[in-house]
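K.L.:
requesting a structural model of the entry that follows:
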Amino acid sequence: MAEAEREIMEVAIEAGHILLENGAEIFRVEETINRICRHYGIRSGSAFILSNGIFVTSGNMEEEAFARVQHIPVSGSHLNRVAAVNQLSREVEEGRYTIEEVRERLTEIRQMPGKSKHMQILSSGIGSGAFCYLYGGTIRDCLAAFLAGILLYIFVLYISSPYLNKMVSNIAGGAVATIASMVFFKLGVGKNLDQIVIGSIIPLVPGVAFTNAIRDIADENYIAGTVRMIDALLVFFCIAMGVGLVYTIRQRLIM
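P.N.:
Next up, the predicted model:
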């Protein structure tokens, strides 16, 4: 394969890699890779995407053979990077970039900073309080859920993520959120324990992953959709285990 054609394929794979590892849907990854290939003249490019892997090939009577496989572990979502790559692919079709400029832009997107820890902690608290209200909590319940959500994400960022695997992390997170909710309930900050707990565990719920799994299955990407669905359901199960464990211990102590 000519060096220029190989460069095009490598850039297309890099764009797909960034999308997939940051939570994009399967069809979006395939569409982006195909857009870049077509625009720069690769007509035989073909991409097969799973939830944790990219398989890209090209080659026919006119183009030399190319094949690449990349493993991409299932991880969290960074939708700002997904949006940036999606916008880049559309600008590529408009002819705004050379292939070298696309590679440079992808490097910039990969290095885009995520939200600061302080912002994540505050967002966790606000989300917990808001969902507590949606589920019928009072203003005082929302305040308790807000505080519990803040404590939960402090635990997630400084203890859970650096030192625990995914399953243990979600079990521990569910337990921490429940314990914090019970503490604030006992202190009289809130009146309805169930609503406080429901609100406080919301930051752990993988809503984007679950939604993307349903969309992938609807788009007939059954393998990828099933893997993502199982991953999301496993998180739900682990959160429930953490909450249930604390409730069980509480009932035993009361008895």
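K.L.:
how about low-confidence regions in the stretch 51-200 of the chain?
P.N.:
Under the criterion pLDDT under 70, the flagged ranges of the stretch 51-200 of the chain are 61-63, 74-76.
K.L.:
show me where it has strands.
P.N.:
For the stretch 51-200 of the chain, the strands defined by DSSP state E, counting those that start in this stretch cover 53-58, 66-71.
K.L.:
the first one pairs with which strands?
P.N.:
By that I understand strand 53-58. With DSSP bridges as the criterion, the sheet partners recorded for strand 53-58 are strand 46-50 (antiparallel), strand 66-71 (antiparallel).
K.L.:
for residue 49, name its beta-bridge partners.
P.N.:
As for beta bridges, residue 49 partners with residue 54 under DSSP bridges.
K.L.:
quick one: the helices in this protein?
P.N.:
Assigned by DSSP state H, the helices in the chain fall at 3-21, 26-39, 79-93, 99-110, 117-134, 139-155, 161-163, 166-186, 193-201, 207-218, 222-254.
K.L.:
determine which stretch of these is the most buried.
P.N.:
With neighbours taken as mean count of other CB atoms under 10 Å, the helices of the chain reach their highest mean count in helix 193-201, at a mean of 26. In short, each C-beta sits where N, CA and C put it, glycine included.
K.L.:
by contact count, what packs against it?
P.N.:
For helix 193-201, the packing partners by 3 or more CB pairs under 8 Å, 6 or more residues apart in numbering; DSSP states H and E come out as helix 117-134, helix 139-155, helix 166-186, helix 222-254.
K.L.:
quick one: the longest one to strand 46-50, angle?
P.N.:
Looking back up the chat, that one is helix 222-254. Here helix 222-254 runs at 20 degrees with respect to strand 46-50, directions being taken by axes from the mean of the first three to the mean of the last three CA atoms, to 10 degrees.
K.L.:
average pLDDT across helix 222-254?
P.N.:
For helix 222-254, the mean pLDDT works out to 89.
K.L.:
ok, and for stretch 51-64, which residues are buried?
P.N.:
Neighbour-count burial for stretch 51-64 flags 51, 52, 54, 56, 58, 59, 63 (criterion: 16 or more other CB atoms under 10 Å).
K.L.:
now do the same contact list for the most centrally placed residue in the chain.
P.N.:
If you average the C-alpha coordinates of the chain and look for the closest C-alpha using CA atoms, centre = their mean, you land on residue 77, 2.4 Å from that point. Residues in contact with residue 77, defined by CB atoms under 8 Å, 6 or more residues apart in numbering, are 22, 23, 208, 209.
K.L.:
ok, now residue 103?
P.N.:
7, 11, 14.
K.L.:
count of neighbours near residue 65?
P.N.:
The local packing count at residue 65 equals 10, with neighbours defined by other CB atoms under 10 Å.
K.L.:
quick check: it vs residue 95, distance?
P.N.:
With distances taken as CB to CB, to the nearest Å, residue 65 is found 28 Å from residue 95.
K.L.:
what of residue 223?
P.N.:
When residue 223 is compared with residue 95 (using CB to CB), they lie 35 Å apart.
K.L.:
same deal with residue 109?
P.N.:
When distances are taken as CB to CB, residue 109 and residue 95 turn out to be 19 Å apart.
K.L.:
contacting residues around the residue nearest to residue 4 when sequence neighbours are not counted?
P.N.:
With CB to CB, 6 or more residues apart in numbering as the measure, residue 99 is the residue that lies nearest to residue 4, at 7.5 Å, once sequence neighbours are left out. For residue 99, the residues meeting the contact criterion (CB under 8 Å, 6+ apart) are 4, 7, 8, 11, 40.
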